[in-house]
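Asker: structure for this input, please:
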Amino acid sequence: MKILVVGGGGREHAICWKLSQEKNVEKIYCAPGNAGIAEVAECVDIPVTELERLADFAEEKEIDLTVVGPELPLVMGITDLFNERGLRVFGPNKQCSQLEGSKLFSKEFMVRHNIPTAKYKEYTDLEEAKSEIDSFGYPVAVKADGLAAGKGVIIAKDKEEAIDALETIMKDKKFGKAGSLVVVEEFLSGVETSILALVDKNTIVAMESAKDHKKIFEFETGPNTGGMGTFSPSTIYNDELSKRVYDEVLLKSLEGFKKDNLDFRGILFVGLMITDEGEKVLEYNCRFGDPEIQSILMRLDSDLSEIMMAITEDRLSEVEIKYSDDAAVCVILASGGYPESYEKGKEITGLDKLDDDIVVFHSGTKISDGKIVTNGGRVLGVCARAKDLETAANKVYENIDRIKFDKVHYRKDIGRKYEEGK
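Answerer: Residues are numbered from 1 along each chain as shown. Predicted coordinates:
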């Protein structure tokens, strides 16, 4: 089987890494890829937004399956284009991808199908939003409606911060067109966790749980990022919670797809807040979460290619999916200044000094003059799998000390017991 993976971050590296170990995978291409992906796949210089070129490449190379990593090409309609040209593709179509592409679309879907979520109201008028901001209480969540690379949510602790957030999104257009409409939500307190679910026309199956850390600093402080680390399984995701989430969220989502004629095939990422009133959905995404998938794929013992092919053929229910009982931890090494301004082009050293059981997924790197250098805000995901969470976390942090680049920043509490408020 020949596979094309679309994307160039840590998620795509994790996918390529997993696929490269599978017997039925003959060749992997990745567009555009990165310095780490180049070790397990042939990188192709095609941007993720050039959909026609990607389809042309898939035809030329007789690709058996294209796996779409990032949200942008999905929202742009890459799946629709590939289907029109008779190319097999893994990822939901343009209509379904609005669950991630529009906060309002997803909120309306949740309410329509009685899926538990926070109370909200949408605004296109800045002055109206300002005049009603007090009605939600504080803190309050202010969200840009469209895609904002995981950073379009601002939690305001008081009215002054809330108005500043509204102006930042709607007036200053910090997130571009994504801020033409904002969704203002009641703030949910509790423990945040996330679930990735495999979905075809008739079946929805939760993958193993993972705990994601969005804040830039320890103890969940500072601005939101695209994710500073994960561990799997989540320490709060027990059998009882798993059943409730399946019944109240996943199953209702699948039934909602059918009722709304949403032909969803691929990955449904569900961000959850476990509150005193029960679990509530924070957001939907329509692709593998990054860096959640980095820790989950470390534990997946079944062939990912077989699972994805089954989903494209609506036979997910026939596939047995197995995971290791081990725990996995992933810690992100970021550029200094992320998620705001940061510099690129910093040489990375020490990757050749790591233990054999450490896996490093490249999120933002490239080759320059024969050296691996930084090329993004999130640079590397350092991962380990071990018998328990503490052992895996210790392995990761022991090895992180050997990796060097200028102004490297990472959190020091990923996978540590006290992180979830215990």
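Asker: pretty sure Gly91 sits against Val67.
Answerer: Yes: applying C-beta atoms under 8 Å, one finds Gly91 in contact with Val67, separated by 7.3 Å. No exception for glycine: its C-beta is placed from N, CA and C like everyone else's.
Asker: which neighbouring elements make contact with the host helix or strand of Ile274?
Answerer: Using DSSP states H and E, Ile274 falls within strand 266-275. If you count contacts as 3 or more C-beta pairs under 8 Å, 6 or more residues apart in numbering; DSSP states H and E, strand 266-275 packs onto strand 191-199, helix 239-245, strand 278-285.
Asker: just checking: what are the partner strands of it?
Answerer: Strand 266-275 sits in its sheet next to strand 191-199 (antiparallel), strand 278-285 (antiparallel), going by DSSP bridges.
Asker: same list (the helices and strands packed on strand 266-275) but as TSV, adding distance to Glu161, mean neighbour count and mean pLDDT.
Answerer: Converted to TSV, the helices and strands packed on strand 266-275 look like this (distance: least, C-beta to C-beta, whole Å; neighbours: other C-beta atoms under 10 Å; pLDDT from 0 to 100):
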stretch	distance to Glu161	mean neighbour count	mean pLDDT
strand 191-199	20	22	91
helix 239-245	31	14	93
strand 278-285	19	20	93
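Asker: dump the ones you listed into JSON lines; add distance to Asp125 as well.
Answerer: Compiled in JSON lines, the helices and strands packed on strand 266-275 are given as follows (distance: least, C-beta to C-beta, whole Å):
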{"stretch": "strand 191-199", "distance to Asp125": "31"}
{"stretch": "helix 239-245", "distance to Asp125": "36"}
{"stretch": "strand 278-285", "distance to Asp125": "24"}
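Asker: residues of stretch 254-274 that come out buried?
Answerer: Residues 254, 256-257, 262, 264-274 are the ones in stretch 254-274 that count as buried (16 or more other C-beta atoms under 10 Å).
Asker: excluding chain neighbours, what is closest to Lys157?
Answerer: Nearest residue to Lys157 in three dimensions, chain neighbours excluded: Pro139, at 4.8 Å (C-beta to C-beta, 6 or more residues apart in numbering).
Asker: what of Ser368?
Answerer: Gly345 (6.7 Å).
Asker: element containing the one you found?
Answerer: Assessed by DSSP H and E, Gly345 sits outside every helix and strand.
Asker: what about it, neighbour count?
Answerer: For Gly345, the neighbour count with other C-beta atoms under 10 Å is 12.
Asker: go ahead and confirm it touches Lys371.
Answerer: No: at 9.8 Å, Gly345 does not count as touching Lys371 under the criterion of C-beta under 8 Å.
Asker: avg pLDDT for the helix or strand containing Val331?
Answerer: Counting by DSSP H and E, the element that carries Val331 is strand 327-334. Average pLDDT, strand 327-334: 98.
Asker: buried sites along it?
Answerer: Result for strand 327-334 [16+ other C-beta under 10 Å]: buried residues Ala327, Ala328, Val329, Cys330, Val331, Ile332, Leu333, Ala334.
Asker: now do the strands in the stretch 51-200 of the chain.
Answerer: In the stretch 51-200 of the chain, the segments counted as strands under DSSP state E, counting those that start in this stretch are 65-68, 89-90, 120-123, 140-144, 153-156, 182-186, 191-199.
Asker: show me what the shortest one pairs with in its sheet, parallel or antiparallel.
Answerer: Going back to what we said before, that points to strand 89-90. For strand 89-90, the paired strands and their directions (DSSP bridges) are strand 65-68 (parallel).
Asker: what does the strand it pairs with rub up against?
Answerer: Residues outside strand 65-68 that contact it (C-beta atoms under 8 Å, 6 or more residues apart in numbering): 1-7, 15, 54, 58, 74, 78-79, 82, 87-91, 287, 305, 308-309, 312.
Asker: identify, by residue count, the longest helix of this protein.
Answerer: If you go by DSSP state H, the chain has its longest helix at helix 389-400.
Asker: helices or strands up against the strand holding Val331?
Answerer: Secondary-structure packing of strand 327-334 (3+ C-beta pairs under 8 Å, 6+ apart): strand 229-232, helix 292-299, strand 378-386, helix 389-400.
Asker: can you list the domains in this structure?
Answerer: What the TED database lists as the domains of the chain is 2-90, 119-186, 196-318, 327-410.
Asker: check the gap between the residue sitting furthest away from the middle of the chain and Tyr138 for me.
Answerer: Each residue of the chain has a distance to the centre, and by C-alpha atoms, centre = their mean the biggest one is for Ser131: 33.9 Å. Using C-beta to C-beta, to the nearest Å, Ser131 is found at 16 Å from Tyr138.
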